[in-house]
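J.: Fold the stuff below for me.
(one chain, ligands or ions: 1)
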Amino acid sequence: MYDLIIVGAGVLGTFHAYHAAKAGQRVLLLEKDRYPVGATVRNFGQVVPSGLAGRWFDYGRQSLTIYREIQEETDLTVRQRGTIYVASDADEWQLANELHDHYVRIGYGSELLSKAQCLAKYPTLQPDYVVGGLFFSEEMSVEPELMIHRLIAFVQQKYGVDYRPGSAVVDVQSNAGGATVTLATRQRFEAGRVLICSGHEVKLLFPEVLARAGLVVSKLQMLLAEPVANLSLPGNILTGLSIRRYEAFQECPSYARIQTPEHYAELKKWGIHILFKQAIDGSIIVGDSHEYADATHTEDLGYHTQEAINDLMLAEARRIVTFPLKIRKTWAGFYSQTADEIFEHNIDEYIRIVTGIGGKGMSSGAGFAEYNIRQWLLNGK
Ligand SMILES: Cc1cc2nc3c(=O)[nH]c(=O)nc-3n(C[C@H](O)[C@H](O)[C@H](O)COP(=O)(O)OP(=O)(O)OC[C@H]3O[C@@H](n4cnc5c(N)ncnc54)[C@H](O)[C@@H]3O)c2cc1C
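T.: Below you'll find the predicted structure:
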């Protein structure tokens, strides 16, 4: 008998397991695959609260603290090397200045960099691209293909979380005083509460609820470029189209009057903005694009990646940086999102679904999970 069973060992499920077990709860973490291969391992590994708005910024800021605390105990691959948004025209620079003013007002470390300062700090930026930069020194990067496995190992060893990969949950039913979880193998587990963090998988558990949840799935194309001798790209690098896309900039006073320049039209059609993150081995993740489908129709997004989208991303990336981009591999990632920031739904007093965190899970998931465990499981304690 467990206090809490969590379905799904992505970043959301695993951080919920961490916070619950840390608070003394007996936790079972179930993952359908032999190891997680969802959005949590397919992303950039950028922890960038600066791009978030409202409560998600607060969860993101708290996530920085949580990553730092765990990193002090075990190597989660967290590196605090900061985030830069590189503005490429007057409008983007205006938004960067306004967001900087906002963060100065609320006391979140933020620094405006002149063009010369940007080029001194990131010498492989194309000088013609750069107008100025907005830098956040507190922000972090993780290695997405390593972080979740290390976090799972940590919660097992330190907090006794019972982790069972290869456990596809096919049914969750409430009973008197709790809930029963059934695996595809027919094995059953009982707990006081069950939390479902199943990412963009909407067809297995409570499909009728998830079909009505307004969930949309986004397919993102990503590229990995070969290491370049002596290249050092510290931290997270986001660029002009990210400034035009991220929620935090949308809250700025000038956002409503900003027009889209003609040269961005084709990129915007595919939801492209260009981000870079160098991995520990020197390779460079470059992305991304966004295509959308209703969560019940994800087949329509296709199983392929489109070369034309990769070419558009590469052409824009080459307008931004001077180093060679020789592509080693490409992939697609998927996440679900909603117009309401996240989908949080209680089936009843014992079973809760939390999914649809969208593109902000690595940045805000740790802090959000702490809040959710406190409110839902520990009754606000
Ligand atoms: C390409 C890409 C780039 C991104 N970049 C960033 C970034 O740099 N920074 C950032 O903050 N966010 C980023 N994101 C978003 C972030 O990755 C997601 O928000 C986050 O990983 C979602 O986590 P999750 O746990 O909800 O979902 P997932 O990681 O998909 O995990 C869900 C898990 O549930 C399991 N599961 C599902 N159903 C069952 C079942 N019935 N039984 C058992 N297990 C089940 C799945 O196998 C899966 O492992 C990016 C996403 C993508 C795709």
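
J.: how does this structure divide up, domain by domain?
T.: 1-80+138-214+340-381, 83-134+216-337 (automatic domain parsing).

J.: With distance to the ligand and mean pLDDT added, can I get those domains in TSV?
T.: To be clear about C-beta, it is placed using only N, CA and C from the backbone, and glycine gets the same treatment. Compiled in TSV, the domains of the chain are given as follows (distance: least, Cβ to the nearest ligand atom, whole Å; pLDDT from 0 to 100):
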stretch	distance to the ligand	mean pLDDT
domain 1-80+138-214+340-381	2	97
domain 83-134+216-337	3	97
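
J.: Show me the strands in the stretch 101-250 of the chain, by range?
T.: Read by DSSP state E, counting those that start in this stretch, the stretch 101-250 of the chain holds these strands, from start to end of the chain: 111-114, 132-136, 140-141, 162-164, 169-175, 178-183, 188-196, 216-225, 236-238.

J.: Any chance of these in JSON lines with mean neighbour count as columns?
T.: Formatted as JSON lines, these follow (neighbours: other Cβ atoms under 10 Å):
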{"stretch": "strand 111-114", "mean neighbour count": "16"}
{"stretch": "strand 132-136", "mean neighbour count": "24"}
{"stretch": "strand 140-141", "mean neighbour count": "27"}
{"stretch": "strand 162-164", "mean neighbour count": "16"}
{"stretch": "strand 169-175", "mean neighbour count": "16"}
{"stretch": "strand 178-183", "mean neighbour count": "19"}
{"stretch": "strand 188-196", "mean neighbour count": "21"}
{"stretch": "strand 216-225", "mean neighbour count": "21"}
{"stretch": "strand 236-238", "mean neighbour count": "27"}
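
J.: With distance to L52 added, can I get the ones you listed in JSON lines?
T.: As requested, the strands of the stretch 101-250 of the chain are exported to JSON lines (distance: least, Cβ to Cβ, whole Å):
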{"stretch": "strand 111-114", "distance to L52": "18"}
{"stretch": "strand 132-136", "distance to L52": "12"}
{"stretch": "strand 140-141", "distance to L52": "14"}
{"stretch": "strand 162-164", "distance to L52": "29"}
{"stretch": "strand 169-175", "distance to L52": "30"}
{"stretch": "strand 178-183", "distance to L52": "32"}
{"stretch": "strand 188-196", "distance to L52": "23"}
{"stretch": "strand 216-225", "distance to L52": "17"}
{"stretch": "strand 236-238", "distance to L52": "13"}
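
J.: wait, A96 sits on Y85?
T.: Yes: A96 lies in contact with Y85 (Cβ atoms under 8 Å); the separation is 6.0 Å.

J.: Specify the local secondary structure of R61.
T.: On the three-state scheme (DSSP: H, G, I helix; E, B strand; the rest coil), R61 is labelled helix.

J.: ranges for the helices of the stretch 1-150 of the chain?
T.: Under the criterion DSSP state H, counting those that start in this stretch, the stretch 1-150 of the chain contains helices at 11-22, 39-42, 55-73, 90-106, 115-121, 144-159.

J.: one step back: overlap in contacts of A96 and Y85?
T.: Residues touching both A96 and Y85 (Cβ atoms under 8 Å, 6 or more residues apart in numbering): G133, L134, I243.

J.: ok, of those, which one's closest to T65?
T.: Closest to T65 out of the shared contacts of A96 and Y85 is L134 (21.8 Å), distances taken as Cβ to Cβ.

J.: looking at the sheet around the closest one, what are its partners?
T.: Note on L134: beta-bridge partners Y85, L112, judged by DSSP bridges.

J.: how about it, what does it touch?
T.: Applying Cβ under 8 Å, 6+ apart, the residues near L134 are S50, I84, Y85, A87, A96, L99, H100, S110, E111, L112, L113.

J.: What sits closest to the last one if chain neighbours are left out?
T.: In this structure, L113 finds its nearest non-sequential neighbour in G133, 4.0 Å apart by Cβ to Cβ, 6 or more residues apart in numbering.

J.: Now do the same contact list for that neighbour.
T.: Residues in contact with G133, defined by Cβ under 8 Å, 6+ apart, are I84, Y85, V86, A87, A96, L112, L113, Q117, C118, K121.

J.: ditto for A317
T.: A317 neighbours (Cβ under 8 Å, 6+ apart): I274, F276, V286, L325.
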